[in-house]
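Student: Quick check, what structure comes out for this input:
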Amino acid sequence: MNTAHDLGRKVAAHAMSDEGMRRAVVAGVDTIEHGLGGSEATFRMMASKGVAYVPTLTQVEYYGIYFDHYVPGKTPPTAEMIDSERAFRLARSVGVTIASGSDVGVYPHGENGRELIEMVRYGMPAPDALIAATATDAAVLGEGERLGRIRPGFLADLAAVTGDPTVDIAAVRKVVFVMKDGQVAVTP
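Tutor: Numbers count the residues shown, from 1 in each chain. Modelled structure (predicted):
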């Protein structure tokens, strides 16, 4: 941990159990990914130490599809999905910083917007989910002074969608324009 931090690197812990999460927080990690077993005490410790939570809600759903015969809209959520929702709601209730990450690769690339949809479905206001995926992610990565906001001097990484994602978060899946570092990458 110290070596990574001495080099200016962030440390992420992929931890599912409460004990794994607690140990990672005590050791000094910057983020906890997954964390579906987290207790209120561990989430409170994360909040007090500024450890961000990256819940990877969509990853848990896909594991259910792949390994537990979960069929969205047809079968009940898996135990891990229920635990994941509980952990997400608990982390929010005690003030843990929530960042957006997905463990993309577990499901098809380009489906990342589903993570924000799940966050909103589990009670996060749509504007907060958008901030989690932009300004919060940039800050958690130590890049908050050049990424994650539209501001003079920041990299011009922008996306435009059809619709208003602050009203209907599913609009994040309808990308019509992308600018990367000031260069147009995708147009209608």
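Student: any low-confidence regions in this structure?
Tutor: Residues of the chain meeting the criterion pLDDT under 70: 188.
Student: can you give me the helices in it?
Tutor: With helices called from DSSP state H, the chain shows them at 2-6, 18-27, 40-49, 57-67, 79-93, 113-121, 126-131, 137-140.
Student: Most tightly packed of those helices?
Tutor: With neighbours taken as mean count of other CB atoms under 10 Å, the helices of the chain reach their highest mean count in helix 113-121, at a mean of 22. Every residue, glycine included, has its C-beta placed from N, CA and C.
Student: Can you name the residues that contact residue 143?
Tutor: For residue 143, the contact set (CB atoms under 8 Å, 6 or more residues apart in numbering) is empty.
Student: Quick check: the gap between it and residue 155.
Tutor: Between residue 143 and residue 155 the computed distance is 9 Å (CB to CB, to the nearest Å).
Student: Pull out the buried residues from stretch 173-180.
Tutor: Using 16 or more other CB atoms under 10 Å as the test for burial, stretch 173-180 gives 173, 179.
Student: Could you list the paired strands of the lengthiest strand in the chain along with their orientation?
Tutor: Longest strand of the chain, by residue count under DSSP state E: strand 175-180. Partner strands for strand 175-180, per DSSP bridges, with pairing direction: strand 158-161 (antiparallel), strand 183-186 (antiparallel).
Student: Redo those strands as a markdown table? Include distance to residue 33.
Tutor: Shown next, in a markdown table, are these (distance: least, CB to CB, whole Å):
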| stretch | distance to residue 33 |
| --- | --- |
| strand 158-161 | 23 |
| strand 183-186 | 27 |
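Student: Any idea which of those gets closest to residue 10?
Tutor: The closest of the strands paired with strand 175-180 to residue 10 is strand 158-161. By CB to CB, the value is 23.8 Å.
Student: Would you mind writing the CA trace of the closest one as CSV?
Tutor: Below are the C-alpha coordinates for strand 158-161, written out as CSV (Å, rounded to 0.1, in the frame of the first residue of the first chain):
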residue,chain,number,x,y,z
LEU,A,158,-17.8,14.8,-23.7
ALA,A,159,-20.7,12.6,-24.6
ALA,A,160,-24.2,13.7,-25.8
VAL,A,161,-27.2,11.5,-25.5
